[in-house]
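Participant: dropping the sequence and predicted coords here.
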2 protein chains.
Amino acid sequence: MKSALETLPPEADTRTRIILTAGRLFHRHGYERTTVRELADAVGLKSGSLFHHFRSKEEILVAVMANGIQSVINEARALLARNHDPAARLEGMLRLHMHSIISGVGGDAMHAMIYEWRSLSPEAREPIRTLSEAYEQLWHQVIDDAVAHGLARGDPIILRKYLLAGLNSTVRWYRPEGRLAPEAFIQQLQQAALPDLQPDS
Amino acid sequence: MKSALETLPPEADTRTRIILTAGRLFHRHGYERTTVRELADAVGLKSGSLFHHFRSKEEILVAVMANGIQSVINEARALLARNHDPAARLEGMLRLHMHSIISGVGGDAMHAMIYEWRSLSPEAREPIRTLSEAYEQLWHQVIDDAVAHGLARGDPIILRKYLLAGLNSTVRWYRPEGRLAPEAFIQQLQQAALPDLQPDS
DNA sequence: GTCTATACATAGATAGAC
DNA sequence: GTCTATCTATGTATAGAC
């Protein structure tokens, strides 16, 4: 269940350090408001050196997004491959998604996906859109099945968009150090999001 | 149910035209990426003239947000004042919120609230935070009541945040001209968001 | 209240030495 | 692969005429 990105050696290569640092800064201050000088500073480089690794600032944003979403896709595919019960799949996808968001890297990437999409040029959007659709496709199957089995009610498309938006929005306000520990939080969130999935219902 | 802002005369005063145009542009292209020159152009002014009406670009963003949220607060207060049944209140608030989002002005303001919050300086955030909390407070009452009456399940705080985030996210993808007309869309969304509220359950 | 003209700061990106 | 130095564009905001 642990993300590949969390297991990186402390001395990762420069390109990777740029991506991870950029994700954190974009999350904290926004992409447009983060300057290449700030990013270089945080990585421990001078601004000119960034452009040896990336052709433009936009390319860094693309890398942040792609890095995060690819990782969650891989985990989701593994989950669905080893699990075929509709309820277990639905709950598993929700838990996986939330663990990804709560982990720093996944949350940073998710935040970028949600908030910085418009900062991408049309050309830069394409690869990200492809990845994005691949991930939504996985949810699509799971939700259709869930509705068919009475685990959720409503139009599957709207249900999926509503559910993902609600889960994603937690990057804005949930803090693992706060009142609710991650496990308890995910539990509560699941009850709010998918009341019909509860064991006691 | 009609927003006060939609009833403005076609020849509104310049300040109001700046606010409405800014809301539209910020929604379409983002605050940071909208230049004061573009905004002035769209209003039919030269960029210098904007600063006769507002001290800074940030002040325009604040006005966009405050304008929209104040309007929905007023309508929500009226709704709650004339209605005391928990189910009717919950459904009414959801419908009001969605109508506000789907209407141009309310949607633009909501979009700004969600996506441009970090562009505000700490001082500029204060008045907006106050308005925001006043609105959430209204939802707070309604949701607590709803949970107490079995119209929804889960932790009321998480439920409120999850619900509002899901509704708000529709500004990103719902288009009134598309497959679902506003009324049908709100109906479907209500079923996805509040399955326990359905008349048939 | 709007215009023209411009000040001033800061952004992303590049060139070439090391 | 990183540095220093700098180019060039573009941003917000101001001053003063009309």
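Facilitator: Cool, the structure landed.

Participant: how close does A:T14 get to B:Q188?
Facilitator: A:T14 is 48 Å from B:Q188, where distance means Cβ to Cβ, to the nearest Å. All C-beta spots, glycine's among them, are computed from the backbone N, C-alpha and C.

Participant: tell me the angle of the helix or strand of chain A with the lowest mean pLDDT relative to helix B:104-115?
Facilitator: Least confident helix or strand, chain A: helix A:104-115 with a mean of 94, by mean pLDDT, DSSP states H and E. Inter-element angle recorded for helix A:104-115 and helix B:104-115: 160 degrees (by axes from the mean of the first three to the mean of the last three Cα atoms, to 10 degrees).

Participant: could you report the neighbour count for the residue nearest to A:W117 when sequence neighbours are not counted?
Facilitator: The shortest distance from A:W117 to any non-neighbouring residue, by Cβ to Cβ, 6 or more residues apart in numbering or on different chains, is to A:R125 (7.4 Å). Number of residues near A:R125 (other Cβ atoms under 10 Å in any protein chain shown) recorded here: 16.

Participant: and for A:A66?
Facilitator: The local packing of A:A66 (other Cβ under 10 Å) involves 19 other residues.

Participant: ok, now A:R15?
Facilitator: Using other Cβ under 10 Å, A:R15 has 13 neighbouring residues.

Participant: any idea how far B:L94 is from it?
Facilitator: Distance of A:R15 to B:L94, computed by Cβ to Cβ: 46 Å.

Participant: likewise A:A184?
Facilitator: 27 Å.

Participant: go on, A:T14?
Facilitator: Separation of A:T14 from B:L94 (Cβ to Cβ) stands at 49 Å.

Participant: now do A:L20
Facilitator: Taking Cβ to Cβ as the measure, A:L20 and B:L94 are separated by 39 Å.

Participant: can you check A:Y135 too?
Facilitator: Taking Cβ to Cβ, one finds A:Y135 at 28 Å from B:L94.

Participant: quick one: name the residues of chain A near DNA strand C.
Facilitator: Counting by Cβ under 7 Å from any atom of the strand, the residues of chain A close to DNA strand C are A:T34, A:T35, A:V36, A:R37, A:S47, A:G48, A:F51, A:R55, A:S56, A:K57, A:E58.

Participant: hang on, the earlier thing: what does the least confident helix or strand of chain A contact?
Facilitator: Helix A:104-115 is contacted from outside by A:3, A:5-6, A:20, A:23-24, A:26-27, A:30-31, A:61, A:64-65, A:67-69, A:71-72, A:99-101, A:128, A:132, A:168, A:171, B:115, using Cβ atoms under 8 Å, 6 or more residues apart in numbering or on different chains.

Participant: how far does that helix sit from the chain's center?
Facilitator: How far helix A:104-115 lies from its chain's middle: 5 Å, per Cα atoms, centre = their mean, to the nearest Å.

Participant: what does stretch A:89-99 give?
Facilitator: 12 Å.

Participant: and if you look at stretch A:104-120?
Facilitator: Taking mean C-alpha positions (Cα atoms, centre = their mean), stretch A:104-120 and its chain are 8 Å apart.

Participant: so is stretch A:183-201 next to chain B?
Facilitator: Yes. Stretch A:183-201 reaches chain B (Cβ under 8 Å from any Cβ of the partner chain) through A:F185, A:Q188, A:L189, A:Q191, A:A192, A:A193, A:P195, A:D196, A:Q198.

Participant: buried only: go through these for me.
Facilitator: A:F185, A:Q188, A:L189, A:Q191, A:A192, A:A193, A:P195, A:D196 (16 or more other Cβ atoms under 10 Å in any protein chain shown).

Participant: excluding residues flanking it in the chain, which one is nearest A:E59?
Facilitator: A:A124 (7.7 Å).

Participant: same deal with A:Y135?
Facilitator: In this structure, A:Y135 finds its nearest non-sequential neighbour in A:I73, 5.2 Å apart by Cβ to Cβ, 6+ apart.

Participant: tell me the contacts of the one you found?
Facilitator: Counted by Cβ under 8 Å, 6+ apart, A:I73 has contacts A:L131, A:A134, A:Y135, A:L138.

Participant: buried residues of the helix or strand harbouring the second one, list them for me.
Facilitator: Taking DSSP states H and E as the criterion, the element that holds A:A134 is helix A:122-148. Of the residues in helix A:122-148, those scored as buried under the neighbour-count criterion (16+ other Cβ under 10 Å) are A:124-125, A:128, A:131-132, A:135, A:138-139, A:142-147.

Participant: chain B contacts on chain A?
Facilitator: Applying Cβ under 8 Å from any Cβ, one finds that chain A approaches chain B through A:29-30, A:32-33, A:115, A:118-119, A:152-155, A:158-159, A:161-163, A:165-166, A:168-170, A:172-173, A:185, A:188-189, A:191-193, A:195-196, A:198.

Participant: please pick the buried ones from the residues of chain A next to DNA strand C.
Facilitator: Here, 16+ other Cβ under 10 Å leaves A:T34, A:V36, A:K57, A:E58 buried among the residues of chain A next to DNA strand C.
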